[in-house]
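Q: 3D, please:
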Amino acid sequence: MTRALSLCGVILAAGSSSRMGTDKALLPWPPVPLGAPSADTFLSAAIRSLALYTDQVLVVVGDNEPNLMPIIYSAGASLLRNPDPSRGQFSSLQIGLQEVLNLGRDAAMLTLVDRPPVGLQTMEILHEHFATAAAGWKWAVIPEYQGKHGHPIVIGREMLEAFLRAPLTSNAREIEHAHQEHIEYVPVDDPLVAVNINTPEDYAALALA
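A: The predicted structure follows:
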């Protein structure tokens, strides 16, 4: 069964990037040595990637709003402000998903700004698997590379509401584990789905990969 898709893209970008020492949303993409010029950033590349498969892209920001706003608007995305990012990433997730519902959408393609944009083939695979899901049993599609789960993930109305019903002290992994029977883990040949950039060393390793 193919479901009619009306997806919102959601990028969580409200973190302080304390271990990196600079906002991870502004890291050059593709990777270059820190300080070198680049035409793109993690954030602008993520917006462009999600825009290919969604009707609208939402970016949740925090205190970094002034620095990210020009990138978000120039890329044609919408900005959402987390008024208290110290509450943690789950609070940003709930803010983004609530806006998805406010916009009349019932599904989202979600990623984190510290995850490098994955390949177009990976995006196509995830989109297709979710679109052809049997309505009712598949709440989410999550990519998997060599046994590691990653991003972006595609979530339907049921999982979206499960995230929104959860207390603020929850995290996304807990909610996913509680509903594993409704999640399809899709193997992909794309190591970037499982890459998480937290430190300058992580970014340097990515540049050398």
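Q: beta partners of the residue lying closest to Ile155 once chain neighbours are set aside?
A: Distances taken as Cβ to Cβ, 6 or more residues apart in numbering place Ala140 nearest to Ile155, at 4.6 Å, with adjacent residues excluded. (Each C-beta comes from the backbone N, C-alpha and C, glycine too.) Following DSSP bridges, Ala140 is listed with bridge partners Ile155, Ile183.
Q: Can you tell me how far Ala140 is from Tyr53?
A: For Ala140, the distance to Tyr53 (Cβ to Cβ, to the nearest Å) stands at 15 Å.
Q: Between the two, point out the one with more neighbours.
A: Ala140 (26 against 21; other Cβ atoms under 10 Å).
Q: For the helix ranked longest in the chain, give me every contacting residue.
A: Across the chain, the longest stretch assigned as helix under DSSP state H is helix 89-102. When contacts are defined by Cβ atoms under 8 Å, 6 or more residues apart in numbering, helix 89-102 is touched by residues 8, 10-12, 14-15, 58, 60, 62, 80, 82, 84-85, 106-108, 110, 112, 155, 160, 163-164, 166, 168-172.
Q: thinking again about what came up before, I'd assumed Glu181 was in contact with the residue nearest to Ile155.
A: No: with contacts counted by Cβ atoms under 8 Å, Ala140 stays clear of Glu181, the gap being 11.1 Å.
Q: Which elements pack onto the worst-scoring helix or strand of the chain on mean pLDDT?
A: Every helix and strand of the chain was ranked by mean pLDDT, DSSP states H and E. The lowest is helix 200-208, at a mean of 84. Helices and strands touching helix 200-208, by 3 or more Cβ pairs under 8 Å, 6 or more residues apart in numbering; DSSP states H and E: there are none.
Q: in that helix, what's buried?
A: 202-203, 206 (16 or more other Cβ atoms under 10 Å).
Q: Do me a favour and average the pLDDT over stretch 167-185.
A: The average pLDDT for stretch 167-185 rounds to 93.
Q: still on that earlier bit, mean confidence (pLDDT) on the next helix or strand after the longest helix of the chain, please.
A: Remark: after helix 89-102, the chain's next helix or strand is strand 107-112, criterion DSSP states H and E. Averaged across strand 107-112, pLDDT comes to 96.
Q: Please identify the buried residues of strand 107-112?
A: 107-112.
Q: Rebuild the residues you listed as JSON lines, extending it with distance to Met123.
A: Below are those laid out as JSON lines (distance: Cβ to Cβ, whole Å):
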{"residue": "Ala107", "distance to Met123": "15"}
{"residue": "Ala108", "distance to Met123": "14"}
{"residue": "Met109", "distance to Met123": "8"}
{"residue": "Leu110", "distance to Met123": "13"}
{"residue": "Thr111", "distance to Met123": "10"}
{"residue": "Leu112", "distance to Met123": "15"}
